[in-house]
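Colleague: This is the structure alone, sequence omitted:
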């Protein structure tokens, strides 16, 4: 059973940067697709970015060119570098592991973290 824990969230001004980290324990994530999703108040959870076991990446159009996903299998870690943050990026960001289908769909993931709050002020 893999457990995921996110960190790195916080309050930042528009235009600023944050780096989120997802630490996995209880098993290796090296063969798993990993992803970040986010959910803003009153909105549905949405895909942000994913990275496959062979490092194939996907990004939501809304974050393309601003966010970068990466993974460090030796440390069982996944990261999300977020630059040029906008108020509309405010949400709880959650890490997910082990997709059994389309890595851009939340329902395909087996393991989830609790999430970390990102708030971008204007």
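Modeller: Thanks, I have it. Source: prediction; values computed, not measured.
Colleague: At the geometric centre of this protein, which residue do we find?
Modeller: residue 36 (2.2 Å; C-alpha atoms, centre = their mean).
Colleague: which ones are touching the residue lying closest to it once chain neighbours are set aside?
Modeller: In space, and not counting its chain neighbours, residue 36 is closest to residue 48: 4.3 Å by C-beta to C-beta, 6 or more residues apart in numbering. Heads up, the C-betas are built off the backbone N, CA and C, glycines and all. Contacts for residue 48 (C-beta atoms under 8 Å, 6 or more residues apart in numbering) come out as 35-38, 59-60, 63, 67, 80, 93.
Colleague: Next one: residue 48 from residue 27, what distance?
Modeller: Separation of residue 48 from residue 27 (C-beta to C-beta, to the nearest Å) stands at 23 Å.
Colleague: before we move on, back to that, tell me which two in the contacts of residue 48 are the farthest apart.
Modeller: The largest separation in the contacts of residue 48, counting by C-beta to C-beta, is between 59 and 93 at 13.9 Å.
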